[in-house]
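Colleague: Requesting a structural model of the entry that follows:
(chains A and B)
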2 protein chains.
Amino acid sequence: MNSPICAMLDIEFPLLAFSHCRDVVAAVSKAGGMGVFGAVNLSPDRLREELDWIDAHAGGKPYGVDLIVPNTFQGKGEKHDTGTLISSIPQEHKDFAAGILADHDIETGDLEKSRGMSANFAKNLREEGAATSLEVAFEYPIKLIANALGVPPQAMLDLGRHHDIPVAALVGAKEHAVAQVNAGVDILVVAGGEAGGHCGEVSTMVLVPEVARALREIGAETPVLAAGGITTGEQMAAAMAMGAAGAWCGSVWLTTAEAETNPIVKEKMLAASSRDTVRSRSRTGKPSRQLRSPWTDAWEAKGAPEPLPMPLQSMVSEPALRQIDKLSQGGHQGAKDLATYWVGQGVGLMNQPMSSGQVVQQFKEEFAAACERLSDSLGG
Amino acid sequence: MNSPICAMLDIEFPLLAFSHCRDVVAAVSKAGGMGVFGAVNLSPDRLREELDWIDAHAGGKPYGVDLIVPNTFQGKGEKHDTGTLISSIPQEHKDFAAGILADHDIETGDLEKSRGMSANFAKNLREEGAATSLEVAFEYPIKLIANALGVPPQAMLDLGRHHDIPVAALVGAKEHAVAQVNAGVDILVVAGGEAGGHCGEVSTMVLVPEVARALREIGAETPVLAAGGITTGEQMAAAMAMGAAGAWCGSVWLTTAEAETNPIVKEKMLAASSRDTVRSRSRTGKPSRQLRSPWTDAWEAKGAPEPLPMPLQSMVSEPALRQIDKLSQGGHQGAKDLATYWVGQGVGLMNQPMSSGQVVQQFKEEFAAACERLSDSLGG
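Modeller: Numbers count the residues shown, from 1 in each chain, chains lettered A, B, ... in the order given. Model (predicted):
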């Protein structure tokens, strides 16, 4: 296809797949799009293992890596050990999370033990952790490096430049887009508030043309990938009609055959409508969109504790949600009810289980149909 | 153009303009779209006066009328007189509204006096009031009748059928769309959560294809007008790529030369970005999107009173906002700060004052450019 993204990344169809699942990444790259591996919360050895596998299974097609380095979170640049972080979580929050579990007949004895593991996630969010992941990523022939939260750290921009690999960054507001371009970002992932995971408030339908206009005004030709709510090829075509060079999707892969999503959550997602998500600070401390469940409802209810800043809130939520995931897969009813995961409003359009390759194929067909539909509207 | 909406309404370009300003309605109809007059809060005589004017100035082109009859509000079907309604407003709410004004150096002595006028708005929301407006509307050669909140009353559907005039209704969720079609609605206005005024939570980018799919599943061919955030022709093209038959826009007309928008608010809108709106229950009791100002911030702050059900909240907010509008136009700084009005996130794309005819013309050009952009993406 004729898109600056295809030329830049040497791919056939400008559909990028963000996934924590290596199978999805390889499958999408092989199908003509580009898989981007979300490498948060992995040790250097585990990251190497995953990238070895992807490199062996992507059929020689280009793939990328995505890291998260937020601009502001408690502890950035400081040396905190796990114990210090854990001790700064208020008892109220620990009790509240445990209370939700207890209300659903879930044992809460193991929560403290697994809080240490969450601290690894927190550590990875600190610049040192991400820097290690960055170095590992560049040991591989990646064709894209992305930062999912805020302006990429200088080390990422420098390594991208050094290896001649484009650096992508996620933005949820026009003002951030301009700042990112000025910082040297090569590709903007412009994500509307309907997106799963961390998201802003402005919708994709407004934000994509607003950013495109802002870039024109500063004379920038940085290509834009539209994100947020996009789970079909006709939505991708819509975004490209508004000036995007392609689409960046996360949610749509969660229900594919390859995805390692909790099967209970997969089933919930396939049944969900677009109104079954909530934008909440209860998982990470920053607003992120998730499948609604009694867990998210409890945190959104009046009287719930105010979520903590990053990375502390994750250290409250993740141990509980891991417990929920484990028990739900064993058939525990309370855990099945509570089970949730990040997903965008596009979940309302994800109604059938498919393979990742089938999703790419369907995107291509829907994209072509949408182009034809629009061109037909002009005739007659 | 080739759209079921053009055929159904006998118009050239499937762009519908919702406006409370008769000049906008006539101008858009004359320019090849269709103006739809928002006739809320008018006496039968005032409505006749407005429709006489539109009929004389639309150059023989089709125009429509929009009424609001919500499904659920306090007092529906009951006979409440103005006094009874006013006496059921809690003192806390009256004090809170007056307090915001006082904090901005605004006299609050007249608020009680003007509360009676707001009760007229409330009355019109009751079925009897709307039924009177309906009868007046059908005295004119309207080509569309629309209901902006919930399933249209049976009287509207019957009159539409009797006069062979399509009935349109606004929906913000897939489930409502199916219910509306089953009730006999001829055109669905599918409005995303980024819309100004009353709105749901699902974004236009998701809701339009989700509704289109739901209609296919029940075998309905009801045409869909996309609404919510759309203020440019490229966004209209995007919506049509996803299966919409056209667009329904409200916000974009508010900053046109013809619009009777408070000039202070007009100026704020032209300067606003897409992040300067808020979805709040503080104006009518139901969630509606508005330009952010210290007025809306106060109602969204912690400790603010919970908004009242329709129509009581309007009887708290409207007298205060009318006072703010009046004083702001006289140059009162506190009132200028507080001034606000309903507008969607598309306000971020409304940066230049234009006439309504110019807006239609620009839509057509942007629409054509978007079609070309999308068709170019396929080539090469």
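Colleague: give the contact list for the residue of the stretch 151-300 of chain A found nearest chain B.
Modeller: For the stretch 151-300 of chain A, the residue closest to chain B is A:Ala238, as judged by Cβ to the nearest Cβ, at 3.7 Å. C-betas here are computed from N, CA, C, even on glycine. A:Ala238 makes contact with A:205, A:370, B:205, B:238-239, B:241-242, according to Cβ atoms under 8 Å, 6 or more residues apart in numbering or on different chains.
Colleague: ok, now with 6 Å
Modeller: B:238, B:241-242 (Cβ atoms under 6 Å, 6 or more residues apart in numbering or on different chains).
Colleague: ok, it to B:Ala168 distance?
Modeller: For A:Ala238, the distance to B:Ala168 (Cβ to Cβ, to the nearest Å) stands at 22 Å.
Colleague: what's the answer for A:Arg46, then?
Modeller: Distance from A:Arg46 to B:Ala168, by Cβ to Cβ: 55 Å.
Colleague: Kindly report the residues of the stretch 201-350 of chain A close to chain B.
Modeller: A:202-206, A:209-210, A:229, A:232, A:234-235, A:237-238, A:240-242, A:273-275, A:345-346, A:348-349 (Cβ under 6 Å from any Cβ of the partner chain).
Colleague: now those residues: which count as buried?
Modeller: If you count burial by 16 or more other Cβ atoms under 10 Å in any protein chain shown, the buried members of these come out as A:202-206, A:209-210, A:229, A:232, A:234-235, A:237-238, A:240-242, A:273-275, A:345-346, A:348-349.
Colleague: Which of those fall in helices?
Modeller: A:204-206, A:209-210, A:234-235, A:237-238, A:240-241 (DSSP state H).
Colleague: Widest-spaced pair of those residues?
Modeller: A:Glu210 and A:Glu234 (21.4 Å; Cβ to Cβ).
Colleague: Surely A:Ser317 and A:Arg283 touch.
Modeller: Yes - the pair A:Ser317 / A:Arg283 is scored as a contact, 5.0 Å apart, by Cβ atoms under 6 Å.
Colleague: which residue sits closest to A:Thr108, ignoring its sequence neighbours?
Modeller: Excluding its sequence neighbours, the residue lying closest to A:Thr108 (Cβ to Cβ, 6 or more residues apart in numbering or on different chains) is A:Ala98, at 4.2 Å.
Colleague: shaky segments in the stretch 51-200 of chain A?
Modeller: Applying pLDDT under 70 to the stretch 51-200 of chain A picks out residues A:69-81, A:117-130.
Colleague: try it again with 90
Modeller: Scanning the stretch 51-200 of chain A with the threshold set as pLDDT under 90 gives A:68-87, A:108-134, A:148-151, A:153-155.
Colleague: As a check, name the ranges of all helices in it.
Modeller: A:82-87, A:91-103, A:111-125, A:127-137, A:154-163, A:174-183 (DSSP state H, counting those that start in this stretch).
Colleague: could I get the ones you listed as CSV with distance to B:Glu50 and mean neighbour count?
Modeller: Converted to CSV, the helices of the stretch 51-200 of chain A look like this (distance: least, Cβ to Cβ, whole Å; neighbours: other Cβ atoms under 10 Å in any protein chain shown):
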stretch, distance to B:Glu50, mean neighbour count
helix A:82-87, 64, 14
helix A:91-103, 55, 16
helix A:111-125, 58, 18
helix A:127-137, 61, 18
helix A:154-163, 58, 16
helix A:174-183, 37, 19
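Colleague: Please produce CSV containing these, extended by distance to A:Phe18.
Modeller: Formatted as CSV, the helices of the stretch 51-200 of chain A follow (distance: least, Cβ to Cβ, whole Å):
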stretch, distance to A:Phe18
helix A:82-87, 27
helix A:91-103, 27
helix A:111-125, 17
helix A:127-137, 15
helix A:154-163, 16
helix A:174-183, 17
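Colleague: Do a quick rundown of the strands in the stretch 151-300 of chain A.
Modeller: Under the criterion DSSP state E, counting those that start in this stretch, strands of the stretch 151-300 of chain A are mapped to A:167-171, A:187-191, A:197-198, A:224-227, A:246-249, A:277-280, A:288-291.
Colleague: so can I have JSON lines of these showing distance to B:Lys61 and mean neighbour count?
Modeller: Below are the strands of the stretch 151-300 of chain A laid out as JSON lines (distance: least, Cβ to Cβ, whole Å; neighbours: other Cβ under 10 Å):
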{"stretch": "strand A:167-171", "distance to B:Lys61": "42", "mean neighbour count": "26"}
{"stretch": "strand A:187-191", "distance to B:Lys61": "38", "mean neighbour count": "28"}
{"stretch": "strand A:197-198", "distance to B:Lys61": "47", "mean neighbour count": "24"}
{"stretch": "strand A:224-227", "distance to B:Lys61": "36", "mean neighbour count": "30"}
{"stretch": "strand A:246-249", "distance to B:Lys61": "39", "mean neighbour count": "30"}
{"stretch": "strand A:277-280", "distance to B:Lys61": "42", "mean neighbour count": "22"}
{"stretch": "strand A:288-291", "distance to B:Lys61": "43", "mean neighbour count": "23"}
